[in-house]
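S.K.: from the sequence below, what's the structure:
(one chain, ligands or ions: 1)
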Amino acid sequence: MPDSQSQPPHSSSGQTDTATLLLRGARLTDGRTVDVRLGGGRIEAVGTAGSLATPSSGSRASKVDLDGYLLLPAPAEPHAHGDTALTADGPLSYDTQEVQRRATEASLLQLGHGATALRSHVRVGDVQGLDALAALLQARRALRGLAELTAVAMPRVLTGVAGADGLAILQDAVKMGASVVGGCPDADPDPTGYVEAVLELASEHGCPVDLHTDAADPARLARLAAMAGGLRSGVTLGPCGGLGRLPSEVASRAADQLAAAGVTVVCLPQGGCGGVDRRGTAPVRMLRAAGVRIAAGSGALRDVSNPVGRGDPLEAAYLLASRHGLRPEDAYDAVSSGARAALGLPEVRVEAGFPAELLAVRGNRLAGALSLAYSRIVVHRGRVVARTSAVREYCNSAAVAGLDLPRQGRGEPS
Ligand SMILES: [Zn+2]
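M.R.: Alright, predicted model coming up:
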């Protein structure tokens, strides 16, 4: 363990902690080494290393030594599927307790990676009715104080004869606590009618919209963008992998329309949530160049559409940098500030006054952290809520003698 003085990662308190926590000797992306004092769920002060007083030894004050760690705004997960997560190895059950258990476990996995806020899509209607949503909302309550989990209600059909039931259940889902309205318009017999219905209901309830689309049909996407521009609470689309298969001038025109409508695109570079034939990632550089708001998420976490899904925001950022050529800073932005903006959460910077939602990763540069970052310390509402420590040792040989490699107990190479 890098530090035995720090406070334990677990606590039963669900409220914003009023205790003070001092993060000592953390490296920032601008190269400074600083102390950061947290209190009341916010960053109270940032000063040069050693400049902030160590909290008095009272029980309400503690400190964490972040020597060797890079301190970042915490990631957020803008596109999870909590109701199907962790089902790759067994039958998919919508039993309430089972869904709650899996959604909680999946969220904790993602929290361990650094995501202190998560938005999870959940199916409503058909056989499961509102059970899966109820289970997800129970998981939300169980996770309070550890991570912020919100639910997107996904009805199947909203038009035609079956559409009346879908609309009724969507109304109920929003009243029950789904804070976002979503679904897959492309799976409805009338995709445009579906989008109209979703936007109308969202406008009525003042909730944001988060829709699934492959975005492979430019005319349909243009109609969607035209309609989305009118919704004040905002529209998010994902994963839009089909945009990458369109001729570049067609995709470019679609990107301009999305930018003009203020639509956020959540891309899923780790494999998405739509099965093997929908693995393409949205063309992030082209979208960014057109001025489209971008975020990156994980999608499926070990369900049938991606049995090896990891739910790791740093992996999503790594793929944006390594496969799509984004600068490491821009790639990390997509999983942190971009993702938080997509979720309607306030901005986080490592500066006084901002929310204390932080991720410390072993290393001293962002590129290195995206390359390899096993050891992580996650802070939510000013408290350490998860800690992962990795230790790698090499046998003592001439090859390693002259290198500055980590010694026992000093964490991973970075
Ligand atoms: Zn999805």
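
S.K.: got a list of what residue 306 touches?
M.R.: Residues in contact with residue 306, defined by CB atoms under 8 Å, 6 or more residues apart in numbering, are 88, 270, 271, 272, 273, 299, 300. To be clear about C-beta, it is placed using only N, CA and C from the backbone, and glycine gets the same treatment.

S.K.: what's across from it in the sheet?
M.R.: Per DSSP bridges, the residues bridged to residue 306 are residue 303.

S.K.: and the gap between it and residue 90?
M.R.: Separation of residue 306 from residue 90 (CB to CB, to the nearest Å): 16 Å.

S.K.: now do residue 259 against residue 228, distance only.
M.R.: Here residue 259 is placed at a distance of 12 Å from residue 228 (CB to CB).

S.K.: in terms of neighbours, single out the busier of the two.
M.R.: Counted by other CB atoms under 10 Å, residue 259 and residue 228 do not tie: residue 228 has more neighbours, with 24 against 18.

S.K.: kindly export the host helix or strand of residue 111 (C-alpha atoms) in PDB.
M.R.: Per DSSP states H and E: residue 111 is located in helix 96-113. What follows is helix 96-113, C-alpha atoms only, in PDB (Å, rounded to 0.1, in the frame of the first residue of the first chain):
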ATOM      1  CA  THR A  96     -35.300  -7.000  -9.000                       C
ATOM      2  CA  GLN A  97     -32.700  -8.200  -6.400                       C
ATOM      3  CA  GLU A  98     -30.500  -9.700  -9.100                       C
ATOM      4  CA  VAL A  99     -30.500  -6.500 -11.100                       C
ATOM      5  CA  GLN A 100     -29.900  -4.400  -8.000                       C
ATOM      6  CA  ARG A 101     -26.900  -6.600  -7.100                       C
ATOM      7  CA  ARG A 102     -25.400  -6.500 -10.600                       C
ATOM      8  CA  ALA A 103     -26.000  -2.700 -11.100                       C
ATOM      9  CA  THR A 104     -24.400  -2.000  -7.700                       C
ATOM     10  CA  GLU A 105     -21.400  -4.300  -8.400                       C
ATOM     11  CA  ALA A 106     -20.900  -2.900 -11.900                       C
ATOM     12  CA  SER A 107     -21.100   0.700 -10.500                       C
ATOM     13  CA  LEU A 108     -18.500  -0.100  -7.800                       C
ATOM     14  CA  LEU A 109     -16.200  -1.600 -10.400                       C
ATOM     15  CA  GLN A 110     -16.400   1.600 -12.400                       C
ATOM     16  CA  LEU A 111     -16.000   3.700  -9.300                       C
ATOM     17  CA  GLY A 112     -12.800   1.800  -8.600                       C
ATOM     18  CA  HIS A 113     -11.600   2.900 -12.000                       C
END
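
S.K.: center of the protein - which residue?
M.R.: residue 77 (1.0 Å; CA atoms, centre = their mean).

S.K.: which residues sit in contact with the nearest residue to residue 129 once chain neighbours are set aside?
M.R.: Excluding the flanking residues, the one nearest residue 129 by CB to CB, 6 or more residues apart in numbering is residue 169, at 7.0 Å. Contacts of residue 169 were listed using CB under 8 Å, 6+ apart, and they are 124, 125, 129, 130, 155.

S.K.: at 7 Å instead, please
M.R.: Neighbouring residues of residue 169 by CB atoms under 7 Å, 6 or more residues apart in numbering: 124, 125, 130, 155.

S.K.: the third one: neighbour count?
M.R.: Residue 130 is surrounded by 20 other residues when neighbours are defined as other CB under 10 Å.

S.K.: for it, give its distance to residue 111.
M.R.: Distance from residue 130 to residue 111, by CB to CB: 25 Å.

S.K.: ok, now which ones touch residue 342?
M.R.: 78, 236, 264, 266, 295.

S.K.: go through those residues and name the one nearest residue 143.
M.R.: The closest of the contacts of residue 342 to residue 143 turns out to be residue 78 (CB to CB; 16.6 Å).

S.K.: list phi and psi for the residue nearest to the centre of the chain.
M.R.: For residue 77, the backbone dihedrals (degrees, to the nearest 10) come out as phi -100, psi 110.

S.K.: what is it paired to in the beta sheet?
M.R.: In this entry, residue 77 is beta-bridged to residue 118, by DSSP bridges.

S.K.: circling back to that earlier point, which of the contacts of residue 342 tops the neighbour count?
M.R.: That'd be residue 78 among the contacts of residue 342, by other CB under 10 Å, with 33 neighbours.
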